[in-house]
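>>> Need the 3D shape of this:
(one chain, ligands or ions: 2)
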Amino acid sequence: MEKAKNKTVDLDWSNLGFSYIKTDYRFISHWKNGAWDEGKLSTENKLTISEGSPALHYGQASFEGMKAYRTKEGDIQLFRPKENAKRLARSCERLLMPVFPVERFVDAVEKVVAANAHWVPPYESGSTLYIRPYMIGVGDNIGVKPAEEYIFSVFVTPVGPYFKGGLAPTNFIVSGYDRAAPYGTGASKVGGNYAASLLPGKQAQEREFSDCIYLDPATHTKIEEVGAANFFGITHEDVFVTPDSPSILPSITKYSLLYLAEHYLGLGVEERDIYLDRLDEFKEAGACGTAAVISPIGGIQTQDNFHVFHSETEVGPLTKKLYDTLTSIQFGDLEGPEGWIEKVTV
Ligand code: PLP
Ligand code: COI
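Ligands and ions are numbered 1, 2, ... in the order given. The predicted structure follows:
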């Protein structure tokens, strides 16, 4: 394999969307007879699997989303990769899939990023290398039961902002649909949750909203999360608040922001219920996640009202501070809390 650091890619790095671009290497490992094989890097981006694979029919599929960041010095680093490994393990346990060990997960991610180092966008291009680890249940099967064989793979693709505005606020709409049930799989990063979100997401986009906001499935009175990100609000008293619910995805970005808001910005922090009829307690609001980073929410359309937070056109000052703090750590310009950054050796 030619050293990735000697290769170059000619892309318009500052104008990438959030779409798939085939890169050179992915990691792939197979689980059979109760054990993972050693795994290897492969140049083939197609899988050949049985038509009976439980992933295809019964949604036995889980995934992760992470990013590799290029620093000012040209190094490459990861943000809290062990947290993604642990969350994938929890998702897999929920779907009766085997766990891919945390250390091996991080090692596989580092290997794929290093092999595709030339695909990591330049510092300050506004783009990053998105990393997609996933696991699927495969093999000949027809009954509703867990697979006997699994594939774990990690691929990467360079991306720009997930929501079109980037740091410019965009508007969101409350959905009448639920993405997950109260005691269902909402807290797991599994394919079925995203399949359920396709129709409401499309309906939101057809009405020119960035995405929809889901309410708690039991009472439809509280904000749960966005289709592809967690929700936060900042009160008039400078408290950073995120919804507390067992059916939302435990966002690594959200937990990082709760820490940074308290320890770097001196804000109050709370995880608690956020009632839809009390949106006026917030002066700023946003969506946060790996793909979304921090996307300010200009306004939220409910059934009978359009509620504007700070502004429909300008990011609020505390949201901007949180964004700057988080991204400065991710890109290596600010020292993060211990253990948050892992350097990739190319
Ligand atoms: N909520 C949903 C539904 C998501 O798909 C994501 C993306 O991963 C998030 C929240 C944010 O999670 P994280 O910050 O770990 O990327
Ligand atoms: C992420 O932020 O990594 C996500 O998984 C969101 C979306 C692309 C599914």
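
>>> Pull up the gap between the closest residue to ligand 2 within the stretch 101-250 of the chain and A61, please.
Proximity of the stretch 101-250 of the chain to ligand 2 (Cβ to the nearest ligand atom) peaks at A228, 3.9 Å away. (C-beta placed from N, C-alpha, C; glycine too.) Separation of A228 from A61 (Cβ to Cβ, to the nearest Å) stands at 16 Å.

>>> can you check K145 too?
K145 is 15 Å from A61, by Cβ to Cβ.

>>> Looking at these two, which is more packed in?
Counted by other Cβ atoms under 10 Å, K145 and A61 do not tie: A61 has more neighbours, with 24 against 12.

>>> ok, the more buried one touching V138?
No - the criterion here is Cβ atoms under 8 Å, and A61 misses it with V138 at 9.9 Å.

>>> Find residues that contact each of those two.
A55 (Cβ atoms under 8 Å, 6 or more residues apart in numbering).

>>> still on that earlier bit, ok, the residue of the stretch 101-250 of the chain closest to ligand 2 touching V293?
No - with contact defined as Cβ under 8 Å, A228 does not reach V293; the gap is 11.7 Å.

>>> Can you name the residues of the stretch 151-300 of the chain sitting close to ligand 1?
E225, A228, A229, N230, L249, S251, I252, T253, K254, G289, T290 (Cβ under 6 Å from any ligand atom).

>>> Now go through the residues you listed and say which are in strands.
Among these, the residues falling in strands (DSSP state E) are E225, A229, N230, G289.

>>> Just the closest of those to E103, please.
Set against E103, the nearest of these by Cβ to Cβ is G289 (25.0 Å).

>>> That closest one: neighbour count?
21.

>>> Not counting its neighbours along the chain, what's nearest it?
A229 (3.6 Å; Cβ to Cβ, 6 or more residues apart in numbering).

>>> Equivalent analysis for S50, please.
Per Cβ to Cβ, 6+ apart, closest to S50 is D140, 4.9 Å.

>>> residues from the protein in reach of ligand 2?
G65, A228, G289, T290, A291.

>>> Now for the last one, how many residues are close by?
If I follow you right, that is A291. By the criterion of other Cβ under 10 Å, A291 has 19 neighbours.

>>> again with the first one
Here the number of neighbours of G65 (other Cβ under 10 Å) works out to 20.

>>> And the second one, by the same measure?
Burial of A228, expressed as a neighbour count using other Cβ under 10 Å, amounts to 21.

>>> just F331 next, same as before
Going by other Cβ under 10 Å, the residues that sit close to F331 add up to 18.

>>> Please list all residues in contact with it.
Counting by Cβ under 8 Å, 6+ apart, the residues that F331 touches are Y69, R70, T71, K72, Y123.

>>> Any of those residues buried? List them.
Among the contacts of F331, those classed as buried by 16 or more other Cβ atoms under 10 Å are Y69, R70.

>>> Farthest pair within the contacts of F331?
Going by Cβ to Cβ, the pair spanning the contacts of F331 furthest: Y69 and K72, at 10.6 Å.

>>> which residues do those two both contact?
F331, G332.

>>> What does the residue most central in space within the chain show for phi and psi?
By Cα atoms, centre = their mean, the chain has its centre lying nearest to T290, at 4.0 Å. The phi/psi pair for T290 (degrees, to the nearest 10) reads phi -60, psi -50.

>>> which ones are touching the nearest residue to I223 once chain neighbours are set aside?
Nearest residue to I223 in three dimensions, chain neighbours excluded: I274, at 4.5 Å (Cβ to Cβ, 6+ apart). Contacts for I274 were tallied using Cβ under 8 Å, 6+ apart; they are K222, I223, F231, G233, V241, T242, P243.

>>> And for E208?
E208 sits in contact with N171, where contact means Cβ under 8 Å, 6+ apart.

>>> same check, this time on L334
With Cβ under 8 Å, 6+ apart, L334 has these contacts: T325, S328.

>>> what about 6 Å?
Residues counted as contacts of L334 (Cβ atoms under 6 Å, 6 or more residues apart in numbering) are S328.

>>> Likewise for F282?
G233, T235.

>>> Show me what it is bridged to.
T235 (DSSP bridges).

>>> Check the gap between it and H236 for me.
8 Å.

>>> Same question for L88.
38 Å.

>>> So which residues of this protein form helices?
Secondary structure of the chain (DSSP state H): helices located at 54-58, 81-94, 102-115, 191-206, 252-263, 317-330.

>>> Check which residues of the first one are buried.
Okay, so that is helix 54-58. Neighbour-count burial for helix 54-58 [16+ other Cβ under 10 Å]: P54, A55, L56, Y58.

>>> Spatially, which residue comes closest to the residue nearest to the centre of the chain, not counting chain neighbours?
Excluding its sequence neighbours, the residue lying closest to T290 (Cβ to Cβ, 6+ apart) is G65, at 4.6 Å.

>>> Tell me the predicted confidence for that neighbour.
pLDDT, G65: 98.

>>> Of the contacts of F331, which is the nearest to ligand 1?
Y69 (14.1 Å).

>>> burial count for the residue in the stretch 101-250 of the chain positioned nearest to ligand 1?
The stretch 101-250 of the chain approaches ligand 1 most closely through L249 (3.6 Å), counting by Cβ to the nearest ligand atom. By the criterion of other Cβ under 10 Å, L249 has 22 neighbours.
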